[in-house]
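Trainee: here is my input; please provide its structure:
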Amino acid sequence: MKSYSQDIPLTLEDLTPGGKTFYKYRAEMPRQLAWFGDKLTYIKGDSVMTAPLTDNEQAHLLFSLKDINAGLGLSADESPKSLNSMRFVSAQSNDLLIATPDKIYFYDVVSKKKTAEFRSLDKMDNHDWSEKSRMLAYTKDNNLYVQDSQGKEYAVTNESDPGIVCGQAVHRNEFGINKGTFWSPEGNLLAFYRMDETMVTDYPLVDVSARVAKLKNIKYPMAGMKSHHVTVGVYNPSTQQTVFLKTGTPKEKYLTNISWSPNEKSIYIAEVNRGQDTCIVRNYDVATGKLQNTLFTETHPKYVEPENPLLFLKNDAAKFLWQSERDGYNHLYLYDTAGKLLKQVTSGKWNVLSVLGFDEKGENLFFVSNEVSPIEKHLYKLNLKSGKKEQLSKEEGVHSAMLSATGKYISDRYTSQNNPGKVAVTDTKSNKTFVYYTAKNPYRNVQLPEITLGKLKANDNITDLYYRLVKPLNFDPNKKYPVIVYVYGGPHSQMVDNSWMGQVRGWDIYMAEKGYIVFSLDNRGTSYRGLDFENITHRRLGVIETQDQMTGVNYLKSQPYVDADRIGVHGWSYGGFMTLNLMLRHPETFKVGVAGGPVTDWKYYEVMYGERYMDSPQENPDGYKETSMVERAGDLKGRVMLIHGDEDPTVVMQQSLQFLNSAIKKGTHPDFFIYPGHGHNMIGRDRVHLHEHITRYFDDFLK
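Mentor: Okay, the predicted model is just below:
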């Protein structure tokens, strides 16, 4: 039997982000892996090293912090103090991006010369670099600016109304949108979002840290209410003029997946109607802003959700790849720029999860998919002409990758349930793989609870539902243990997979040490399982999900070591909503729950997400009523605590307050705890307090 050097159980300080000793139990992996041409680099101390690509090579020094500071010619006070603020602009570039408190530099590591210098100004956010033109776009408050390589600043917009925002992500970061500026391929033009929110009602948040609390209004368009209007501008730095694309009416629509044509003359936009059941891909002339042509239209009776821009072929600028779930799974389709579908490139009952890029000639495409298993991610090479597909990842688990500049190599960083982390390099032509780094198990001196991955059939007797079961430390099959179901269950999530320790959370381990079983299951409505699996919850959020979670609970009840009278549930955000669903739809089963940042009624949630999955309250009044936890507050039998950050801009605290108000009227008694000054999640040291507080609640009422 293995002996362990640490007898004391792990604490929340060890297991919680923000904990004093959390760093001790993270698998140590190479820092800041990046490609520099066809050299894989990483940071070691004050040096940037090149990793071996075969078992015949050794790591070599590429350059040091001392080299950089000497090349920049800065004084000791001005010089960067570590390499953490540096990164390569791209795998194809010799430029290193270096940030200091006062300046931002481009530095050519081959010529050892500074190639651009930008001033670092107060309130600069949303940095976006053009590698080709060596220009920097950024926002200050609600306006957009650019700097040239000599540090001269130009104002792109001059909006005086704070309700008009330029150069930032729009549509509340849905549809894969995570930024608001888009440099053209050669850096000659800058496309940007302009969002007019003046018609959206102000929503009050309150900052209680001041002696007299301060009002902090945000724009929060709720389902069924007025939404914002977005347009796309194209700024020309050489003329300092902006042309806005004539995207027309209705103004309440979603302009998603902005893509530049390789020749910089056109912009492609996937336009989604407010009802989110139609996506139209259109092409606009950047010189005039006029619509050039409509390429194709996708519709679905429930919703469409384009999340990836067009990807033009490297060797043929007249063709592009488009990602779509039109056949039920996310796959690649080849089009020409006239909008003609040339062929479906990938197919099968699995999803393309991400596209990594092309090889040097553009003949082969590299991508990640879950073809092997819904709970794994693997790497593939696809010949675009022949359609021949080859798997590049060799071991089980969840793989992520980066292509070298020419596509000759691919770096593969991966974990599995019993593998804390490896980094491999594969020659994409020969498909030979060299594992250059293997992480040590950070828990090698600690006794851990047993973690099991498995699957159950949903109530349709067809669909597989994957689960993770964490048994108590020193498990005794003859004892009966309390259970906590940890749940999320919402769209764009996967909590159970074959990654390190099955993606288990630190709090799960902590509760297992204290004698609880912790169980998680990915219900229908979550990701990576195909469109029918994901959209079955449409217009009735929480109903099918609860049925699937109860499939998991019924499995637990069938186990002789489970105490069926002591079952609890905990989740955050959508998981908070699901916690209330389980507590209120099945009060006979759940004794205790903790619902963090919960949605309690979808009519108080934001317009893009809410209307995609529920339609509007006007269109679906019965669905909103059926899925409202406010309506069900009188069904509470056990103990439930709601937790909320009082400045939550995502799920506003009104959600919890409405539930409490309904409970008061209906004579039930939930508990409530507020984290002052926090948004949708508790971060830093307060996150340890949060998990202490949740633990105390289960110890008091479930254990």
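
Trainee: what does the helix of greatest length in the chain rub up against?
Mentor: Identified as the longest helix of the chain according to DSSP state H is helix 685-701. Outside helix 685-701, the residues that touch it by Cβ atoms under 8 Å, 6 or more residues apart in numbering are 12-13, 16-19, 482, 484, 507, 510-511, 514, 516, 568, 570, 591-592, 594, 596, 638-639, 641, 643, 671, 673, 675, 678, 681-682. Heads up, the C-betas are built off the backbone N, CA and C, glycines and all.

Trainee: quick one: which of these sit in helices?
Mentor: Within those, residues falling in helices by DSSP H are 12-13, 507, 510-511.

Trainee: would you format those residues as JSON lines with distance to Ile258 included?
Mentor: Listed next are the ones in helices among the contacts of helix 685-701 as JSON lines, based on distance: Cβ to Cβ, whole Å:
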{"residue": "Leu12", "distance to Ile258": "43"}
{"residue": "Glu13", "distance to Ile258": "44"}
{"residue": "Trp507", "distance to Ile258": "39"}
{"residue": "Tyr510", "distance to Ile258": "44"}
{"residue": "Met511", "distance to Ile258": "44"}
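
Trainee: most surrounded residue in those residues?
Mentor: Within the ones in helices among the contacts of helix 685-701, neighbour counts (other Cβ atoms under 10 Å) peak at Met511, which reaches 28 neighbours.

Trainee: show me what contacts that residue?
Mentor: Listed by Cβ under 8 Å, 6+ apart, the contact set of Met511 reads 470, 484, 518, 695, 698.

Trainee: what is the nearest of those residues to Ala213?
Mentor: Checking those against Ala213 by Cβ to Cβ gives Thr695 as the nearest, at 30.7 Å.

Trainee: please work out how many residues are found near the closest one.
Mentor: Neighbour tally, Thr695, other Cβ under 10 Å: 20.

Trainee: before we move on, what about Lys253?
Mentor: 21.

Trainee: bridging residues for it?
Mentor: Asn273 (DSSP bridges).

Trainee: same thing with Tyr235?
Mentor: Leu190, Thr242.

Trainee: check Ser520 too.
Mentor: Beta-bridge partners, per DSSP bridges, of Ser520: Arg468.

Trainee: am I right that it is in contact with Leu465?
Mentor: No - judged on Cβ atoms under 8 Å, Ser520 makes no contact with Leu465 at a distance of 10.9 Å.

Trainee: wait, what's in contact with Val487?
Mentor: 520-521, 549, 569-571, 575, 578-579, 582.

Trainee: which one of the residues you listed is nearest Arg540?
Mentor: Closest to Arg540, out of all of these and judged by Cβ to Cβ, is Met578, at 13.5 Å.

Trainee: that closest one belongs to a helix?
Mentor: Yes - counting by DSSP: H, G, I helix; E, B strand; the rest coil, one finds Met578 located in a helix.

Trainee: contact partners for it?
Mentor: Neighbour list for Met578: 487-490, 542, 545-546, 549, 569, 571 [criterion: Cβ under 8 Å, 6+ apart].

Trainee: farthest pair within the residues you listed?
Mentor: Gly490 and Val569 (14.8 Å).

Trainee: the two: which is more packed in?
Mentor: Of the pair Gly490 and Val569, Val569 is the one with more neighbours under other Cβ under 10 Å, namely 30 against 23.

Trainee: related to what we said a few turns ago, comparing Ser520 and Leu465, which shows the higher neighbour count?
Mentor: Neighbour count, other Cβ under 10 Å: between Ser520 and Leu465, Ser520 has more, with 26 against 23.
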